[in-house]
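Trainee: below: sequence and its predicted model.
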Amino acid sequence: MQPTANARIPGNRHSTHRLSVPVSWPDRIEIISISALLPGDSPRLGGLDEEHVQRLAETETTLPPILVHRGTMRVIDGMHRLRAAAQAGHKEIQVEFFEGSEEEGFIRAVKANIVHGLPLTLADRRAAAARILTT
């Protein structure tokens, strides 16, 4: 089992969430041009929350890498962080690549959004559960 360390992840202006990440986490990331990335298949029915993007863009905390499907370069988890980085004028972003199928990537996106960041709405969770069950 790999050792872990706690990292503070910004949620919204009223709370923060704790995420246990592997100690070697920085060794598994790559720096990728933002222009090389495509939007993914998000479990969020309403799309991006621009207020959340703005809060992330204004934070001085280093945000965790986004998760990207290597085969398609589509963002699995981290569209708010990606938009915030672009809004802040960054040309590159830290990426962790995912090697599974697109269906597995969607499940990973749902799991990630349950653990950290802006919570999924009840409608988002219901729609994601229905989609996963039909997959």
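Mentor: Thanks, I have it. Numbering: from 1, shown residues only.
Trainee: ok, which stretches of the protein are helices?
Mentor: Per DSSP state H, the chain carries helices over the ranges 50-58, 79-87, 102-115, 122-134.
Trainee: just how off-centre is the first one within its chain?
Mentor: In this case it means helix 50-58. Computed by Cα atoms, centre = their mean, to the nearest Å, the chain-centroid distance of helix 50-58 equals 14 Å.
Trainee: ditto for stretch 51-61
Mentor: Distance, stretch centre to chain centre, for stretch 51-61: 14 Å (Cα atoms, centre = their mean).
Trainee: list the buried residues in it.
Mentor: For stretch 51-61, the neighbour count (16 or more other Cβ atoms under 10 Å) marks 52-53, 55-57 as buried. (Glycine included, C-beta is placed from N, CA and C.)
Trainee: ok, now stretch 41-51?
Mentor: Here stretch 41-51 shows 42-44, 48 as buried, counting by 16+ other Cβ under 10 Å.
Trainee: so what touches it?
Mentor: Outside of stretch 41-51, the residues within contact range by Cβ atoms under 8 Å, 6 or more residues apart in numbering are 74, 79-80, 83, 102, 105-106, 109-110, 113, 118, 120-121, 123-125, 127-128.
Trainee: what does stretch 101-108 give?
Mentor: Contacts for stretch 101-108 (Cβ under 8 Å, 6+ apart): 40-41, 43, 67, 69, 72, 74, 76-77, 98, 100, 128, 131-132, 135.
Trainee: and those residues, which of them are in strands?
Mentor: 67, 69, 74, 76-77, 98 (DSSP state E).
Trainee: could you export the buried residues of stretch 51-61 as CSV, including distance to A88?
Mentor: Output for the buried residues of stretch 51-61, formatted as CSV (distance: Cβ to Cβ, whole Å):
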residue, distance to A88
H52, 14
V53, 10
R55, 12
L56, 9
A57, 5
